[in-house]
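Chemist: Based on what follows, work out the 3D shape:
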Amino acid sequence: MAVFLDDFRLRERFRGEVKEVQRRKYSLLHGVSNLFILDTSESMDGEGFIQMKEAYLSMIEERMTYIGLFTIRARVILISDGRPTTLDDSDSKCDQHTEGDHSLLGSIAYESRGGKLLNPPEARAFAKYSLCMMIAAEIIGEVPSTSCSIDDVKNILLSSGPQCDITEHDVENVVEILNNRRAYEMFVYRNDDHLEHEVYSERNESLLAPGTRVRRGPNWHYRNQDSNGPGTVTGHWHREGWIYVEWDTGMRFPYEYVNDSHQENVIIPCDEPRILRRENIAVGCLVKRGPDWKWGDQDGGEGNIGAVYRVKEDAVYVRWSNGIKSNYRFGYGGKYDLAVW
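Modeler: So this is what the prediction gives:
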């Protein structure tokens, strides 16, 4: 559903258009909302207004919803030249700006979760974004969980047959989505403390421990959230009896775990190792002491094995078989406390 913010007359016109859509029984009112903010200030007169209208009409043709394992949230789409109106602005229309203030608009996009700054000619390509999301959701299990490249995506698309409607720009968008996949997770975390509390806390020893490898169970009903592959328990959710799983695609979701009654569970433990593609280390890997280990017997003694349940830049979080959890250097300052087992 698109909301047209403008003066009273335009709002009334929009209400009439919505009623007409409902009368024709179109499905535009389902799925995620798009909130359009249209800049109708004087600096947008003339060519600027024409570009805004064309961009708006291109975008409203697209309907967004939840796509595969990606959560598509309501979007705020601002169409503006980015030039603030001041009290000193003249009524004269002779000075028209056809170029926007990219500095202001870029800062707004940067501060937004998954924000993008588009020029008018890119509006129609943006309207195809759901197609790119569908492609990304389909192939996410076949590409590295980090540093996905254009060649990675092209090779997969070529192997699946001709893609007549896929442009070079679409491929770039797919790569961008895959490399920014965490922006499309089910939940938004305010900061690292909130993330630690919700995703990585160990609350109940009767639940699967962080680092445990898992797969979908016989009672699975979450479609393709797992991309039909294995994952790793990262912690216990705040809801009693629920665990958090990071699938090998890098996507994280909470699931209920009914003790050890495997026939009732949506998640069951497995012995499948984490397969690294381009990653040096990843959640689910087994590790041992590395060349720069200096942490005594935190690991329970030399030769013991731990499981990675979180990777954060050059730090790796491990749960050892003795139950101790801590984070270690893996490339930070050129030091490696761990080695992949």
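Chemist: can you list the domain ranges for the protein.
Modeler: 2-84+100-182, 192-269, 286-340 (automatic domain parsing).
Chemist: now the end-to-end length of the last one.
Modeler: In domain 286-340, first residue to last residue: 6 Å (Cα to Cα, to the nearest Å).
Chemist: Can you give me the buried ones in the strand or helix carrying residue 308?
Modeler: Residue 308 is located in strand 306-312, with elements delineated by DSSP states H and E. Residues of strand 306-312 classed as buried: 306-311 (neighbour count, 16 or more other Cβ atoms under 10 Å). Where C-beta positions appear, they are placed from N, C-alpha and C, glycine not excepted.
Chemist: cool, stretch 173-181 as well?
Modeler: Within stretch 173-181, the residues scored as buried using 16+ other Cβ under 10 Å are 173-179, 181.
Chemist: Stretch 324-336 too?
Modeler: For stretch 324-336, burial by neighbour count (16+ other Cβ under 10 Å) applies to 325, 328-330, 336.
Chemist: Tabulate those residues (CSV), appending distance to residue 258.
Modeler: As requested, those are exported to CSV (distance: Cβ to Cβ, whole Å):
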residue, distance to residue 258
325, 25
328, 33
329, 38
330, 35
336, 39
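Chemist: Show me the strands in the stretch 51-200 of the chain, by range?
Modeler: Under the criterion DSSP state E, counting those that start in this stretch, the stretch 51-200 of the chain contains strands at 75-79.
Chemist: Any regions of it where pLDDT drops low?
Modeler: Low-confidence segments of the stretch 51-200 of the chain (pLDDT under 70): 51-66, 73-75, 81-82, 84-101, 110-114, 120-121, 123-127, 162-164.
Chemist: residue boundaries of the helices in this structure?
Modeler: Shown for the chain, the helices assigned by DSSP state H span residues 8-23, 47-60, 102-111, 123-126, 129-139, 150-159, 168-179, 192-199.
Chemist: Can you give me the buried ones in the last one?
Modeler: Just to be clear, that refers to helix 192-199. Residues 195, 198-199 are the ones in helix 192-199 that count as buried (16+ other Cβ under 10 Å).
Chemist: Also the fifth one?
Modeler: By 16+ other Cβ under 10 Å, the buried positions in helix 129-139 come out as 129-133, 135-139.
Chemist: wait, which of those residues is closest to residue 269?
Modeler: Comparing those against residue 269 with Cβ to Cβ places residue 137 closest, at 26.0 Å.
Chemist: quick one, phi/psi of the nearest residue to that closest one once chain neighbours are set aside?
Modeler: Leaving aside its chain neighbours, residue 137 sits nearest to residue 68 (2.6 Å; criterion: Cβ to Cβ, 6 or more residues apart in numbering). Backbone torsions of residue 68, given as degrees, to the nearest 10, read phi 60, psi -130.
Chemist: follow-up on the earlier one: pull the most distant pair out of the buried residues of stretch 324-336.
Modeler: Applying Cβ to Cβ across these, the maximum distance is between 325 and 336, 18.9 Å.
Chemist: So which of the buried residues of stretch 324-336 is the closest to residue 243?
Modeler: With Cβ to Cβ as the yardstick, the closest approach to residue 243 among the buried residues of stretch 324-336 comes from residue 325, at 15.4 Å.
Chemist: which residues touch residue 289?
Modeler: 299, 302, 337-339 (Cβ atoms under 8 Å, 6 or more residues apart in numbering).
Chemist: What is the nearest of these to residue 232?
Modeler: Using Cβ to Cβ, residue 338 comes nearest to residue 232 of the contacts of residue 289, at 15.9 Å.
Chemist: how close does residue 166 get to residue 290?
Modeler: Remark: distance between residue 166 and residue 290 (Cβ to Cβ, to the nearest Å) = 43 Å.
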